[in-house]
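Build me a structure from this.
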Amino acid sequence: MSLSNAVAELTKVFAGNLVEPHGASYHDVRRVHNGYIDKRPALVAQCRGTADIADAVRLARAQKLDIAVRGGGHNVAGRATCDGGVMIDLSLLRQVNVDPQKKVAWAGGGSLWKDFNRETQQFGLATTGGVVSSTGVAGLTLGGGFGWLMPRFGMALDNLRSATLVLADGSVETVSATHKPDLFWAIRGGGGNFGIAAVLEFQLHDVGPMVTGGLVAHPGPKAKDVLGFFYDSTRSLPDEAFMVCAMLYAPDGSGHKIVGIAAQHSGPLAAGEAFAKPIKAFGPPVMDMLGPMPYTASNMMLDDAFQKGARNYWKSHFLTDLPAGAVDALIDGFHALPTPQCQIVVEHFHGAATRVPITDTAYAMRDSGFNVLLAAQWLDPADDKRCIDWCKATYDSLTPFLSAKRYANYMNEDDLRDSGSLAAVYGPNLPRLRQIKKQYDPENVFHLNLNILPA
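Numbers count the residues shown, from 1 in each chain. I've put the predicted structure just below:
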């Protein structure tokens, strides 16, 4: 049966939308967050439920077509789409339900962190989520999921209680620590290798509605001093606090470069005030927006720095320390930022997420230290080469200081083709992951990802 005939047949029962290239909405629904990614699937299956997802998987397999899965569509490598295959689009599945008595939430596979936070904060509850609120819940969680609450409550995946998955054969399983625990272990870090997450169940915690959060900014020439202060501050952070240092152009269009410290303290406001006091006093900053704010606002304060449709190429790696040579390399990269949208972000890891044994979940980056993100962003395709060249050159300059660990969610298309990426992400967990892949997806149906080959 041809694809067109198969789509016509499925339309009779499909609750969502089946959008082919001639469809009026095709060019809108095929696009992902990264404007540098421009792929054309043969079909976009916008699903409204688990049955739709299962039918879309079966259709793709019958037609021998690749499957890409779009949750939030935020992944920089463009793993949410493909050329000539089926994009299973979960963006209609954004419902979030909360049980405030049990402190549990269920999120649809297409929900964004802003959806999740909006619903859970009605009850003063939260769990670790993205630092950018437009990021998808499922993709961030299954690949790791760090955010403002990570030092206090662990990674997003550490708070996952269960997940309803559509597997490679179209069957549906709800996996947890007590039902198919091997598969539940694998999806917590294994990304989309093992199935499509239709619903995710999370443990919630008492947070907010007000926290201490925001950012302070210093002039670009103070970069070395600010990085030094940031480094010193991270040596003794409580679990309630998370800090990020960013080097970028000022968002006011002035052309001036700034170095910012973004932070959140999720404990009592008095403790947050004490935490913020030295950050506000250092410098002093030229801009100070650090203080009491709603938890939901704190989780949206970096959104404008990552606009949908901008062209992106990222390189990222984990450093266990920030020696002088690494600081110098970062500052050299900062001086060379090729466009106003490019930035360097240093994220500090500590606390609860680092106290989980490496083999407890597939996710293996459990060290304290610093995740460095080199985010090349630009708007004009004519800038493709110079922005990508800047990103690669700055990354190369950091090579002597890199650890063996990498964060899966930040990997670009080049990284996905690098044979060393799997070992950097999964370490000693890789052999077990390959065995579980063999059991649940022996034909490697779900391979448009940081692909774990079946054993």
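
would you put the C-alpha positions of stretch 183-193 in CSV?
The C-alpha trace of stretch 183-193 is given here as CSV (Å, rounded to 0.1, in the frame of the first residue of the first chain):
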residue,chain,number,x,y,z
LEU,A,183,13.2,-0.4,30.8
PHE,A,184,12.5,2.2,33.4
TRP,A,185,16.2,2.3,34.3
ALA,A,186,17.1,2.7,30.6
ILE,A,187,14.8,5.5,29.7
ARG,A,188,16.1,7.6,32.5
GLY,A,189,19.0,8.9,30.5
GLY,A,190,18.6,6.8,27.4
GLY,A,191,16.6,9.4,25.6
GLY,A,192,14.3,8.3,22.8
ASN,A,193,16.1,5.0,22.2
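
list the buried ones in that stretch?
Leu183, Phe184, Trp185, Ala186, Ile187, Arg188, Gly189, Gly190, Gly191, Gly192, Asn193 (16 or more other C-beta atoms under 10 Å). To be clear about C-beta, it is placed using only N, CA and C from the backbone, and glycine gets the same treatment.

Show me what secondary structure element comes after whichever strand or helix holds Val57.
In this structure, Val57 is located in helix 50-62 according to DSSP states H and E. Going down the chain from helix 50-62, the next helix or strand is strand 67-70, by DSSP H and E.

all strands of the stretch 51-200 of the chain, in order?
Taking DSSP state E, counting those that start in this stretch, the strands of the stretch 51-200 of the chain run over residues 67-70, 86-89, 96-99, 104-108, 125-126, 160-166, 172-176, 196-203.

so which of the ones you listed comes closest to Ile53?
Closest to Ile53 of the strands of the stretch 51-200 of the chain, according to C-beta to C-beta: strand 160-166, at 4.5 Å.

That closest one versus strand 172-176: what angle between them?
170 degrees (axes from the mean of the first three to the mean of the last three C-alpha atoms, to 10 degrees).

residues contacting the residue nearest the centre of the chain?
Central residue of the chain (C-alpha atoms, centre = their mean): Leu140, 3.9 Å from the mean position. By C-beta atoms under 8 Å, 6 or more residues apart in numbering, Leu140 lies in contact with Gly72, His74, Trp113, Gly129, Gly130, Ala156, Asn409.

Give me the neighbour count for the nearest residue to the first one once chain neighbours are set aside.
The reference is to Gly72. Counting by C-beta to C-beta, 6 or more residues apart in numbering, Gly72 lies nearest to Gly136, which is 2.2 Å off, once chain neighbours are set aside. Residues within reach of Gly136, counting by other C-beta atoms under 10 Å, total 28.

Show me what Gly136 bridges to in the sheet.
Beta bridges link Gly136 to Leu112, judged by DSSP bridges.

That one and Asp288, how far apart?
Distance of Gly136 to Asp288, computed by C-beta to C-beta, to the nearest Å: 32 Å.

and the helix or strand containing Ala423, what other elements does it pack with?
Per DSSP H and E, Ala423 falls inside helix 421-426. Identification of packing neighbours for helix 421-426 by 3 or more C-beta pairs under 8 Å, 6 or more residues apart in numbering; DSSP states H and E yields helix 430-440.

Tell me which residues are up against the helix it packs on.
Residues contacting helix 430-440 (C-beta under 8 Å, 6+ apart): 167-168, 182-183, 185-186, 190, 193-195, 362, 422-423, 426, 444, 452-455.

Quick one: buried ones out of the residues you listed?
Neighbour counting over the contacts of helix 430-440 (16+ other C-beta under 10 Å) leaves 167-168, 183, 185-186, 190, 193-195, 362, 422, 426, 452, 454 as the buried ones.

Considering these, which member attains the minimum pLDDT?
Among the buried ones among the contacts of helix 430-440, Leu422 carries the lowest pLDDT, at 92.

What residues sit buried inside the helix or strand of the chain with the lowest mean pLDDT?
Lowest on mean pLDDT, DSSP states H and E among the helices and strands of the chain sits helix 413-416, with a mean of 82. By neighbour count on 16+ other C-beta under 10 Å, the buried set for helix 413-416 is Asp415, Leu416.

Likewise for stretch 268-278?
Buried-residue list, stretch 268-278, by 16+ other C-beta under 10 Å: Gly272, Phe275, Ala276.

ditto for stretch 281-298
Quick answer for stretch 281-298 (16+ other C-beta under 10 Å): Phe282, Gly283, Pro285, Asp288, Leu290, Met293, Tyr295, Thr296, Ser298.

repeat for stretch 32-44
Buried residues in stretch 32-44, counting neighbours by 16+ other C-beta under 10 Å, are found at Val32, His33, Asn34, Gly35, Tyr36, Ile37, Lys39, Pro41, Ala42, Leu43, Val44.

roughly how far is that stretch from the heart of the chain?
Relative to the centre of its chain, stretch 32-44 is centred 18 Å away, using C-alpha atoms, centre = their mean, to the nearest Å.

now it: mean pLDDT?
For stretch 32-44, mean pLDDT is 95.

ditto for stretch 367-379
For stretch 367-379, the mean per-residue pLDDT is 96.

Tell me the buried residues in it?
Buried residues in stretch 367-379, counted by 16+ other C-beta under 10 Å: Asp367, Gly369, Phe370, Asn371, Val372, Leu373, Leu374, Ala375, Ala376, Gln377, Trp378.

Just the residues contacting the helix holding Ala423, thanks.
Contacts for helix 421-426 (C-beta under 8 Å, 6+ apart): 189, 362, 364-365, 404-408, 411, 415, 430, 433, 450, 452.

Now the buried members of the residues you listed.
Buried among these by 16+ other C-beta under 10 Å: 189, 362, 364-365, 405-408, 411, 415, 430, 433, 450, 452.

circling back to that earlier point, so which of the buried residues of stretch 367-379 belong to strands?
The strands, defined by DSSP state E, take in Gly369, Phe370, Asn371, Val372, Leu373, Leu374, Ala375, Ala376, Gln377, Trp378 from the buried residues of stretch 367-379.

Excluding chain neighbours, what is closest to the second one?
Same thing as Phe370. Leu319 (4.8 Å).

need the contact list for that neighbour.
Applying C-beta under 8 Å, 6+ apart, we find Leu319 in contact with Ala326, Gly369, Phe370, Asn371, Val372, Leu398, Phe401, Leu402, Ser403.

Okay, domains of the chain per the record?
Domain ranges of the chain: 3-89, 96-207+431-440, 210-416, per automatic domain parsing.

Mean neighbour count, these: which tops it?
Mean neighbours per residue, mean count of other C-beta atoms under 10 Å, is largest over the domains of the chain for domain 96-207+431-440, with a mean of 22.

That domain: end-to-end distance?
28 Å (C-alpha to C-alpha, to the nearest Å).

roughly how far apart are Met301 and Ala197?
Distance, Met301 to Ala197, by C-beta to C-beta: 27 Å.

sorry, that was for Asp28
Per C-beta to C-beta, Asp28 is found 24 Å from Ala197.

same deal with Phe306?
For Phe306 relative to Ala197 (C-beta to C-beta), the value is 23 Å.

for Val286, same thing?
Val286 is 43 Å from Ala197, where distance means C-beta to C-beta.
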